[in-house]
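K.L.:
Fold the following for me, if possible:
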Amino acid sequence: MIGYVTLGTNDLPRAAKFYDAIAAELATPRMMEFDGFIAWGTPGGSAGIGLTKPFDGNAATVGNGVMVALEAKDKAQVDRLHAIALANGGTCEGPPGPRGDTFYAGYFRDPDGNKLNAFVMGPAAGA
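P.N.:
The predicted structure follows:
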């Protein structure tokens, strides 16, 4: 259902470094780039993510209650994505671990404060 998600940034080069590292782990390249905007994804693939300086010229702000979830292939990739986020200017919002019997996730914020998680679901995702 979701085609892509766009998040605001106040510092595109700093944010691009963060998302380039996350996208590399997910084997997802940059697919579009314009002045003030970058998008990562694969045409015809799953949902992508874009970063932009707000069109109205005002500062980008974080949406309260908004989170982007990145689907990982396994728990080890969740752990790697969380570590990559923190190593590239992100902050921890909850370390990787099981949440119930069928959900494993790690939560973090990008350098602009946007909340994300990396997750895996299924019987092997729990404890």
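K.L.:
drop to CA atoms for contacts and neighbour counts, all remaining ones
P.N.:
OK.
K.L.:
show me the contacts for the closest residue to residue 46 other than its chain neighbours.
P.N.:
Distances taken as CA to CA, 6 or more residues apart in numbering put residue 3 closest to residue 46, at 7.4 Å, once the chain neighbours are dropped. Taking CA atoms under 8 Å, 6 or more residues apart in numbering, we find residue 3 in contact with 46, 47, 48.
K.L.:
Among the residues you listed, name the buried ones.
P.N.:
Buried residues within these, defined by neighbour count using 16 or more other CA atoms under 10 Å: residue 48.
K.L.:
how about TSV for the contacts of residue 3, with pLDDT added?
P.N.:
Output for these, formatted as TSV (pLDDT from 0 to 100):
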residue	pLDDT
46	84
47	87
48	92
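K.L.:
Select from the contacts of residue 3 every entry located in helices.
P.N.:
Per DSSP state H, helices hold no members of the contacts of residue 3.
K.L.:
what's residue 88 sitting at in phi/psi?
P.N.:
The phi/psi pair for residue 88 (degrees, to the nearest 10) reads phi -120, psi 30.
K.L.:
doesn't residue 20 make contact with it?
P.N.:
No. In terms of CA atoms under 8 Å, residue 88 does not count as a neighbour of residue 20; the distance is 9.6 Å.
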